[in-house]
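In: When you get a sec, could you give me coordinates for this:
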Amino acid sequence: MNYAADARYDITITQARRAESEKGTLSLNLRLSHPEHGDIYTDLWLTEGAAKSVRRTLAEFGFDSDAKIRSLILTDGKALEGMAGTILTKLDSYGGKDRVKVAFLNGPNGKGTEARPVSPEKVRAALMLFGATPDDDDLDVPF
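Out: From the prediction side, this is the model:
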């Protein structure tokens, strides 16, 4: 595996299966493959805390209802195999070692990474978080 941190890759899900961590947490473990960079693995954690994020990710792959997600889990995630997606990677330290891991998995039906326009009010509010005051000249956002 030779993936760089903070990079985007087009991948194919080549294996999906239910898995249990050493601590007993259930996941859908996915092998993601890129023709030049090889395989990288990620887990979609099936926990209460991760449910919202997992729903959003699986919706991008067409599993846009709880019934479809339940069916996917019951069939070991096999319907994901062969599907294309995109990953964003990050550097992670674990046990004193650095490794590149999947930060985000996006499906073909994802909203993409293109930024939406932001209102001047939101920009002003963000500037004020970092010390700007209401009468600063730089709060006149040029749009």
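
In: how about the helices in the chain?
Out: Assigned by DSSP state H, the chain shows helices spanning 51-60, 66-74, 120-129.

In: could you dump the ones you listed to JSON lines with mean pLDDT?
Out: Shown next, in JSON lines, are the helices of the chain (pLDDT from 0 to 100):
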{"stretch": "helix 51-60", "mean pLDDT": "94"}
{"stretch": "helix 66-74", "mean pLDDT": "92"}
{"stretch": "helix 120-129", "mean pLDDT": "74"}
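
In: Can you add distance to Thr89 and mean neighbour count and give those helices back as JSON lines?
Out: To be clear about C-beta, it is placed using only N, CA and C from the backbone, and glycine gets the same treatment. Listed next are the helices of the chain as JSON lines, based on distance: least, C-beta to C-beta, whole Å; neighbours: other C-beta atoms under 10 Å:
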{"stretch": "helix 51-60", "distance to Thr89": "16", "mean neighbour count": "16"}
{"stretch": "helix 66-74", "distance to Thr89": "24", "mean neighbour count": "14"}
{"stretch": "helix 120-129", "distance to Thr89": "27", "mean neighbour count": "12"}
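
In: can you put the ones you listed in JSON lines and add distance to His37?
Out: What follows is these, written out as JSON lines (distance: least, C-beta to C-beta, whole Å):
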{"stretch": "helix 51-60", "distance to His37": "21"}
{"stretch": "helix 66-74", "distance to His37": "26"}
{"stretch": "helix 120-129", "distance to His37": "35"}
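
In: Of all these, which one comes closest to Leu32?
Out: helix 51-60 (12.5 Å; C-beta to C-beta).

In: per the record, what domains does the chain have?
Out: Listed by automatic domain parsing, the domain ranges of the chain are 8-106, 113-143.
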